[in-house]
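Asker: Okay, structure incoming, though there's no sequence with it:
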């Protein structure tokens, strides 16, 4: 079998050799090549068998390995959908190109006209328009008017009872007489002429009524708090507080209260006739039970001018000082029953009650004496207020210049007033009065007229700086 195959291969080789003229390959060489190819084939078979065995071993090893999970992420780029704007939208759309406000393009049309055609148009048929008929005005009713008739003329028709008015029946001028004038000479002339000549009130009376009108200003939106303070004791701060409250209560129809907020022992209640021994400590203790003014009235004292006074704590054994929380409790109760609350502060500016007082104050009064050191301390009080967040209170402040202190006659009061006029809204002088100098009970109606007028002027100035309606 091998020989036949070799013979065939030799014949084929001979034929291929004959076809090439330049080859000198012999039959022996062809035979050697065939045997070489057989050896290589056997070796390849052995290699294949060895590789198959190694592959089977590898498969066996892979089978022993635990399977693992792998994730594959595919990224696909889809074509971007292009939105084509319809013509009707493009005609009314706003350009997305930024516009320079300094540049104006006048080459193109400034406006775009869009024709709107309704699907259905309602038309009015011809001849269907009705003419609007305006009714004629009614004839004037002469029964309810006397126009065109003389006095006493009888109406052509019976008059109703509504025609008998006061303007028709009362003679003008005789039923509305002026009140009798006030003033010595004015009233004397009025009496001598049997009420025929009324020249009006005197200048002093007109000035008094003007002050009364200023003090009687109506307030809306809560209680108005006025704080009276100074950094120096002995300048008449408590006296000024009492005079201010008396002048307001004597004129106003509503209630006025003066609160002694001195952290130490205050003396405001000693300037009036007390009718109770209750103090601010009693008000604080009973604050929850006070629901009506009748209940609160048992804790205050009232003088002849209807000014109410809430006394400070005078018990020397009390160890608790009147502080910020105590003042807020008292002020909350005062807001329920009073239109004006005057706070007589202590001489210190750093205690907690002073902070609560200034936060509620609508206006302040700085009391200054007539000496150099007293005026300087009053000015320093204004500086302290400006430096600690109360510049608006300083602008609306009033300086009460008490001229009853020692050394006033040796000081140029006009120079002190000129200094304070550059810093505050107004200044008021309080003259010397022996009743005030005693330091005892003040009887307002027994004071000198100059003292009462000065107190009224101070009250009017303070009320002028208070708003009728509290800002929200």
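Answerer: Ah, there it is. Quick caveat, the model's predicted, so the values are computed rather than measured. Residues are numbered from 1 along each chain as shown.
Asker: excluding its backbone neighbours, what's nearest residue 267?
Answerer: Spatially, and ignoring its direct neighbours in sequence, residue 267 is nearest to residue 238 (5.6 Å; C-beta to C-beta, 6 or more residues apart in numbering). Just so you know, the C-beta spots here come from the backbone N, C-alpha and C atoms, and that holds for glycine as well.
Asker: And the strands in this structure?
Answerer: Listed in chain order, the strands of the chain (DSSP state E) span residues 224-229, 256-260, 301-302, 307-310, 340-344, 363-368, 398-402, 426-430.
Asker: pretty sure residue 209 contacts residue 201?
Answerer: Yes: taking contact to mean C-beta atoms under 8 Å, the distance of 7.3 Å between residue 209 and residue 201 places them in contact.
Asker: Look at the two and report which has more neighbours.
Answerer: Each of residue 209 and residue 201 had its neighbours counted (other C-beta atoms under 10 Å), and the higher figure belongs to residue 201 (18 against 12).
Asker: which residues sit in contact with the closest residue to that one other than its chain neighbours?
Answerer: In space, and not counting its chain neighbours, residue 201 is closest to residue 182: 4.7 Å by C-beta to C-beta, 6+ apart. Contacts were defined as C-beta atoms under 8 Å, 6 or more residues apart in numbering; by that measure residue 182 touches 201-202, 205.
Asker: Check whether residue 216 really touches residue 253, as I assumed.
Answerer: Yes: using C-beta under 8 Å as the test, residue 216 is close enough to residue 253 to be in contact (7.2 Å).
Asker: more neighbours, those two?
Answerer: When neighbours are counted by other C-beta under 10 Å, residue 216 and residue 253 differ, and residue 216 comes out ahead with 14 against 9.
Asker: Report pLDDT for the more buried one.
Answerer: According to the predicted model, the pLDDT of residue 216 comes to 93.
Asker: Quick check: the gap between it and residue 235.
Answerer: Taking C-beta to C-beta, to the nearest Å as the measure, residue 216 falls 29 Å from residue 235.
Asker: which residues of this protein score low on pLDDT?
Answerer: For the chain, the stretches with pLDDT under 70 are 1-70, 78-83, 91-112, 114-130, 137-149, 172-177, 315-320, 406-407, 471-472.
Asker: Can you give me the domain boundaries for it?
Answerer: 181-215, 220-464 (automatic domain parsing).
Asker: first vs last residue of stretch 327-347, how far apart are they?
Answerer: 16 Å (C-alpha to C-alpha, to the nearest Å).
Asker: Buried ones in that stretch, by neighbour count?
Answerer: 327-331, 333-334, 337-347 (16 or more other C-beta atoms under 10 Å).
Asker: Please apply the same query to stretch 364-383.
Answerer: By neighbour count with 16+ other C-beta under 10 Å, stretch 364-383 contains the buried residues 364-371, 374-375, 377-379, 381-382.
Asker: Any idea how many residues pack against the closest residue in space to residue 379 that isn't next to it in sequence?
Answerer: Closest residue to residue 379 apart from its sequence neighbours, by C-beta to C-beta, 6+ apart: residue 419 at 6.7 Å. Summarising burial for residue 419: neighbours were counted as other C-beta under 10 Å, giving 17.
Asker: Distance-wise, check residue 358 relative to residue 206.
Answerer: Taking C-beta to C-beta as the criterion, residue 358 is separated from residue 206 by 38 Å.
Asker: Looking at these two, which is more packed in?
Answerer: Neighbours around residue 358 and residue 206, counted as other C-beta under 10 Å, are more numerous at residue 358. The numbers are 20 against 13.
Asker: Relative to residue 266, how far out is that one?
Answerer: Note on residue 358: its distance to residue 266, by C-beta to C-beta, is 18 Å.
Asker: Please look at the residue nearest to residue 379 and residue 376 and confirm they touch.
Answerer: No: counting by C-beta under 8 Å, residue 376 is not a contact partner of residue 419; they are 9.6 Å apart.
Asker: ok, residue 399 - contacts?
Answerer: Residue 399 makes contact with 365-368, 378, 420, 424, 426-428 under the criterion C-beta under 8 Å, 6+ apart.
Asker: Check residue 432 too.
Answerer: Under the contact definition (C-beta under 8 Å, 6+ apart), the residues listed for residue 432 are 403-404, 408.
Asker: Check residue 189 too.
Answerer: Taking C-beta under 8 Å, 6+ apart as the criterion, residue 189 is in contact with 197, 199.
Asker: ditto for residue 355
Answerer: In this structure, residue 355 makes contact with residue 324, judged by C-beta under 8 Å, 6+ apart.
Asker: Number of residues surrounding residue 247?
Answerer: Using other C-beta under 10 Å, residue 247 has 27 other residues around it.
Asker: again, but for the one 3 residues further on
Answerer: For residue 250, the tally of surrounding residues (other C-beta under 10 Å) stands at 21.
Asker: okay, now the nearest residue in space to it that is not next to it in sequence: neighbour count?
Answerer: Spatial nearest neighbour of residue 250, excluding adjacent residues (C-beta to C-beta, 6+ apart): residue 305 at 4.2 Å. Here the number of neighbours of residue 305 (other C-beta under 10 Å) works out to 20.
Asker: Please shift the residue numbers so they start at 47 in all later answers.
Answerer: Done: numbering now begins at 47, and the last item shifts to residue 351.
Asker: Residue 338 versus residue 351, what's the distance?
Answerer: 23 Å.
Asker: same thing with residue 433?
Answerer: Here the distance between residue 433 and residue 338 works out to 43 Å (C-beta to C-beta).
Asker: thought residue 251 was touching residue 229?
Answerer: Yes: the criterion here is C-beta under 8 Å, and residue 251 meets it with residue 229 at 5.5 Å.
Asker: Surely residue 376 and residue 329 touch.
Answerer: Yes: Residue 376 is in contact with residue 329 according to C-beta under 8 Å; the separation is 5.6 Å.
Asker: Mutual contacts of these two, please.
Answerer: residue 356.
Asker: Run through the helices of the stretch 247-396 of the chain in chain order.
Answerer: For the stretch 247-396 of the chain, applying DSSP state H, counting those that start in this stretch gives helices covering 249-261, 283-297, 326-331, 339-343, 370-383.
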